[in-house]
Structure formats: structure tokens, C-alpha cells
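Novice: Structure of the sequence below:
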Amino acid sequence: METPSAWRRHVPPVLLFIAMALLLFASARPTARITLPADYMTLIMAMDVSRSMLAEDVDPSRIKAAQNAAKDFLRDLPPNIRVGIVSFAANAQVVQHVTHQREELVESIDRFQLQRGTATGSGLLMALATLRPEAKLDLEKVLYPSSPSSPAGSGDTFAGGPNSGSRSLDAKPPEKERAPQPPGSYTGGAIVLLTDGRRTAGPDPLWAAQKAADLGVRVYTVGFGTPNGFIPGFEGYSFFTQVDEESLKAVAKITEAEYFKAGSAENLKKVYQHLSNQFTLEKRDTEITALLSGAALLMIGLALVLSAIWFRIGDMGLMKNP
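Specialist: All right, here's what the predicted structure looks like:
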């Protein structure tokens, strides 16, 4: 038999060289952004139910469009994801505790009652406490401050209203020291926050976002509506109907999430469709040391096998034809 061709003699050494390079690279513990099945199990929807949601710049109205899109979103979510719903205006409340039952969630959305005020930070904190009950957040002092200068329900009335300068806006409760987690590290759930106006009551949403970030929770924010919102029945007053995009972007950034702008019912549906995919497949920075090491070992094994086959056959051929 003929001796192995010249190119065959170079293949095993090349494979060994590549394997050594991969092992050296793997020792640095590199990471790569890989799309993997998301392991979110609980999702909290925090929805604005302030009077500004009556605006008809979105057909048929902001609140109706938001309710319809939210119900479609729930139906598109994977069945293994549990959902809870929080509504907020001047204050925040849990309108549906975490459940797998989509019918109960849809019914709770249909029962929304619009109120005055836009306490975005309160809605975020209530959603956070619902998602992470084990954190035992003390919400009473920050969400329901006993300050005579901040009457309930006065936030969504006029520009520069009583709550716009209230001390309750920056109220912060004393809390036990808790070691912060890396932002976005909590994979057991997430929050989707939808609002159509500026905060007029309650704690600062950026401060609330930092609390979420310290617990590793991502907060995906959705700004809904147009700058020309009109609230029927309240002519002559100056309402906060324009979305505070800067704050919503900051909330998403602090928590390692995303901000979405929806200026129409169709836009909002597309946002929810994107989020549904986000909670099914997620891009993550994943360490690939094991993958590189496995590839290196495979190349070493292949080099040994090829050497044994090619050069053993060649040696046998030489023995037969000295």
C-alpha cells in the first residue's frame, strides 16, 4: 500500500494546534451572547389606570386599547408563565394575584376603574413586592405616607397640582440592609410597566427602579399614547397626558431591560408581541468555557484517531513492501 499523502501528515498536528489554542482561550472564561429558552416563570404587569387613559388619541381610547392589547398578550404567553396584575393611579393595588388562570387575569383587566393621579413609582414598587414577596419590602410608609399635604387622589388634576410639590414624592422608608444583586440577574420573573403620563404622586420611579435593580429584577417599560391626548369632559384644565419617556428609559436602563414607545393600538400590540417572544427566548451573556473545552477535546480525539488510522496503514504498507 502507498504511504499517506503529504497533506494527511499535516492534519493531526493542525488539529492539535487548534485544540491547544481553544483550551488557552477557554482558560480566560470567555462569554458570548447566546439565544436560549428563557426561564421566566412569573410576570407582573403594572398598568396605569389614571384619568388620562380616557384620552381618545388612540382609537377607541387609551384605556380600551391598553386593555385589549394586554388581553391578547396574556393569551400569547406560554402556559408555564404565571402572571399577576397591578394597577396604579394616585396609589397602587394588586388587582389579580399571581396565577396561571388566563380567564381570571382577563376578567381583572376588564374590571379596571380609572382614578386620579399617576404614581408610577408606587406601581413599580407594588409590582416588585408582588414578584419578590420573600424580599419583604416595607411598602406602607412609602406608598401610604401620613402627610396632610398629600391628599389621596389629587395627583392627576392640574399641572402644578397639590401633589406636584408634596414631600411624599421623595418619601423613602427605612429598610434593613440587604446585599444588592447584580441588575438583571433574577431569572424567576420580570415586570412590565405601562403608563401614559408623568408621575404626579408617590415615590420617584427612578428610586423604585433602583430597588428593583438591587433585587436583580428587570423592568420593561412601555410609554403609551401621543403628545396630543384629549380627555373628554375636562376641558379647560391642563392634564399630564404626555409620556415621560426620559424616566421610563431610565427605569429600563437601571434594571437592564428595554423601553418601548407605543403611539397607537397597533404599536402596543407589536410591543406585547415582542415581549412575548422575549419571555420565550432570551439573549444572555453565557460563559462558553465548557463549550470551547469540549471542542478542544473533540479535536484532540480526532487527531489521535486519524493518526492511528492513517499512519498505522502507512506503516503496514511499508512493512509489506520494504
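
Novice: quick one, helices of the stretch 1-150 of the chain?
Specialist: 6-26, 62-76, 102-110, 120-131, 140-143 (DSSP state H, counting those that start in this stretch).

Novice: The stretch 201-322 of the chain now?
Specialist: 205-214, 245-254, 265-278, 289-320.

Novice: Please work out which of these is packed deepest.
Specialist: Mean neighbours per residue, mean count of other CB atoms under 10 Å, is largest over the helices of the stretch 201-322 of the chain for helix 205-214, with a mean of 23. Backbone N, C-alpha and C define where each C-beta goes, glycine included.

Novice: which residues are contacting that helix?
Specialist: 120-122, 124-125, 128, 137, 170, 172, 178, 180-181, 183-184, 191, 199, 218-219, 247, 250-251, 254-256 (CB atoms under 8 Å, 6 or more residues apart in numbering).

Novice: Please indicate which of those are buried?
Specialist: 120-122, 124-125, 128, 137, 183-184, 191, 199, 218-219, 247, 250-251, 254-256 (16 or more other CB atoms under 10 Å).

Novice: ok, and which of the helices of the stretch 1-150 of the chain has the densest surroundings?
Specialist: Among the helices of the stretch 1-150 of the chain, helix 120-131 has the highest mean neighbour count (mean count of other CB under 10 Å), at a mean of 27.

Novice: who does that one touch, helix- and strand-wise?
Specialist: Applying 3 or more CB pairs under 8 Å, 6 or more residues apart in numbering; DSSP states H and E, one finds that helix 120-131 makes contact with strand 42-48, strand 82-88, strand 92-99, helix 140-143, strand 189-195, helix 205-214.

Novice: In CSV: these, plus distance to M299 and mean pLDDT.
Specialist: Output for these, formatted as CSV (distance: least, CB to CB, whole Å; pLDDT from 0 to 100):
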stretch, distance to M299, mean pLDDT
strand 42-48, 42, 95
strand 82-88, 44, 96
strand 92-99, 48, 95
helix 140-143, 58, 76
strand 189-195, 40, 94
helix 205-214, 42, 96
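
Novice: Generate JSON lines for the ones you listed, with distance to I63 as supplementary columns.
Specialist: Putting the helices and strands packed on helix 120-131 into JSON lines (distance: least, CB to CB, whole Å) gives the following:
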{"stretch": "strand 42-48", "distance to I63": "9"}
{"stretch": "strand 82-88", "distance to I63": "11"}
{"stretch": "strand 92-99", "distance to I63": "14"}
{"stretch": "helix 140-143", "distance to I63": "23"}
{"stretch": "strand 189-195", "distance to I63": "11"}
{"stretch": "helix 205-214", "distance to I63": "21"}
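
Novice: tell me the domain ranges of the chain?
Specialist: 6-30+288-320, 36-285 (automatic domain parsing).

Novice: ok now do the nearest residue to T255 once chain neighbours are set aside, which residues does it touch?
Specialist: Using CB to CB, 6 or more residues apart in numbering and skipping the chain neighbours, the partner closest in space to T255 is V219 (4.3 Å). Applying CB under 8 Å, 6+ apart to V219 gives the contacts L124, A190, I191, V192, L193, A209, A212, V251, A252, I254, T255, A257.

Novice: now do 10 Å
Specialist: For V219, the contact set (CB atoms under 10 Å, 6 or more residues apart in numbering) comprises 44, 46, 124, 127-128, 131, 184, 190-193, 205, 208-209, 212-213, 248, 251-259.

Novice: so it bridges to which residues?
Specialist: Taking DSSP bridges as the rule, V219 bridges to I191.

Novice: Show me the shaky parts of the chain.
Specialist: For the chain, the stretches with pLDDT under 70 are 1-6, 33-40, 144-177, 228-241, 280-285, 311-322.

Novice: picking that back up, to S52, which of the helices of the stretch 1-150 of the chain lies closest?
Specialist: helix 62-76 (7.3 Å; CB to CB).

Novice: Just the C-alpha atoms of the closest one, please, in CSV.
Specialist: Below are the C-alpha coordinates for helix 62-76, written out as CSV (Å, rounded to 0.1, in the frame of the first residue of the first chain):
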residue,chain,number,x,y,z
ARG,A,62,-56.1,54.7,25.5
ILE,A,63,-57.7,52.5,28.2
LYS,A,64,-59.7,50.3,25.9
ALA,A,65,-56.7,49.9,23.5
ALA,A,66,-54.5,49.0,26.5
GLN,A,67,-57.0,46.5,27.9
ASN,A,68,-57.4,44.8,24.5
ALA,A,69,-53.7,44.6,23.9
ALA,A,70,-53.0,43.3,27.4
LYS,A,71,-55.6,40.5,27.0
ASP,A,72,-54.1,39.5,23.6
PHE,A,73,-50.6,39.5,25.3
LEU,A,74,-51.8,37.2,28.0
ARG,A,75,-53.2,34.7,25.5
ASP,A,76,-49.9,34.6,23.6
